[in-house]
Every structure is written in structure tokens, then in C-alpha cells.
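Participant: prediction below, plus the sequence it came from.
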Amino acid sequence: MHGTISCGHCGVKEKGMQITRETDYAIRCVYYLAGKKDEVIMVDEIAREMCTPKSFLSKILQKLARADIVKSYRGVKGGFQLSRDPSKISLLDVIEAVQGPVAMNICAVDKKACKLSSTCAIHPVWVDVRAKVEKLLRSKKISGLKSR
């Protein structure tokens, strides 16, 4: 589900709200690590168990490490583990670590991105949608997710 939002007045083109494949893999990875509490798990195992390409997953794990969601350990017994309790990691944390702010339209993130934001009748709707989606995703903790 990929989409581009384009402002006819400003020519600004930005990705719209979507969960990318990279973000999906990141969420699966964090969920998997949550089930392996206090263990250091190798990338090979995570990739195999979560059906994600290893090379792509390595890049995702780097982003998650920069966001302090996972810790990285080097060496023969190296791998990854969550850096904090899964009850303290929200879906919003993971999404923002991988793809940045959540928004239906760029103007909801940066009002200056569109010169019509201050007079646009739809702008407040995008801001409201963003706030509600962020609130929902912030409330969904990794520890609260259940497998089917």
C-alpha cells in the first residue's frame, strides 16, 4: 500500500500514511524479541522465524538500535535483544523509528510544507486524524500483542 500525496498549490510530494514493508518487518522483529526476553538473538534466527530477508533485517535492526528499542551485541555470541521492557515499547515507537512521523498528509507534520495550511478547510481534519492515529498506536504496546 504505497501512496504519494502531492499538493497542487505547492508541488510538494510526500509519502502518505502507510505501513511500509520495512516497518512491518520491524514490528515483527520487535514482537519476536519480546518473546525471547533477556536472550540475545542472532539476526539469522529472527530472519528465519519472522520470514524476513536477513540483509534487510540487519538494516532495520540498526534503525531500531539508534532509536533505543533494541541493543546490539557484537562477536561470536552477538545478536540483538530489546533494550527495554515490551510494555514500554509502543507500535508508534517502532513505526517512527523506521519511517518517521505518522500522518495522512505532510501538512499535519509540517504546517509550513503547504502555503495553504492556515486557510485550508481540510488541514484541521488531517491534524485531528494524525493525533487520533498516534494516540491509538501509542496505546498499543508490544507486550499486549497476541499471536493468532
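Facilitator: It's in.

Participant: strands of this protein, start to end?
Facilitator: Listed in chain order, the strands of the chain (DSSP state E) span 4-6, 13-15, 70-73, 79-82.

Participant: can you flag the weakest of these by average pLDDT?
Facilitator: Among these, strand 4-6 carries the lowest mean pLDDT, a mean of 47.

Participant: any idea how far Lys36 is from the residue of the chain most remote from its centre?
Facilitator: Here the chain reaches farthest from its C-alpha mean at Thr119, the gap being 31.0 Å by C-alpha atoms, centre = their mean. Separation of Thr119 from Lys36 (C-beta to C-beta, to the nearest Å): 52 Å. All C-beta spots, glycine's among them, are computed from the backbone N, C-alpha and C.

Participant: show me what contacts the residue nearest the centre of the chain?
Facilitator: Residue closest to the average C-alpha location in the chain (C-alpha atoms, centre = their mean): Ile95, at 1.1 Å. Each residue near Ile95 by C-beta atoms under 8 Å, 6 or more residues apart in numbering is listed here: Ile19, Thr23, Ala26, Ile27, Val102, Leu137.

Participant: which one of these has the most neighbours?
Facilitator: Counting neighbours by other C-beta atoms under 10 Å, the top entry in these is Ala26, with 26 neighbours.

Participant: show me the shaky parts of the chain.
Facilitator: 1-17, 148 (pLDDT under 70).

Participant: mind checking the longest helix of it?
Facilitator: helix 123-139 (DSSP state H).

Participant: show me what that helix is packed against.
Facilitator: helix 91-99 (3 or more C-beta pairs under 8 Å, 6 or more residues apart in numbering; DSSP states H and E).

Participant: quick check: end-to-end length of stretch 43-63?
Facilitator: Chord length of stretch 43-63, first to last residue, is 14 Å (C-alpha to C-alpha, to the nearest Å).
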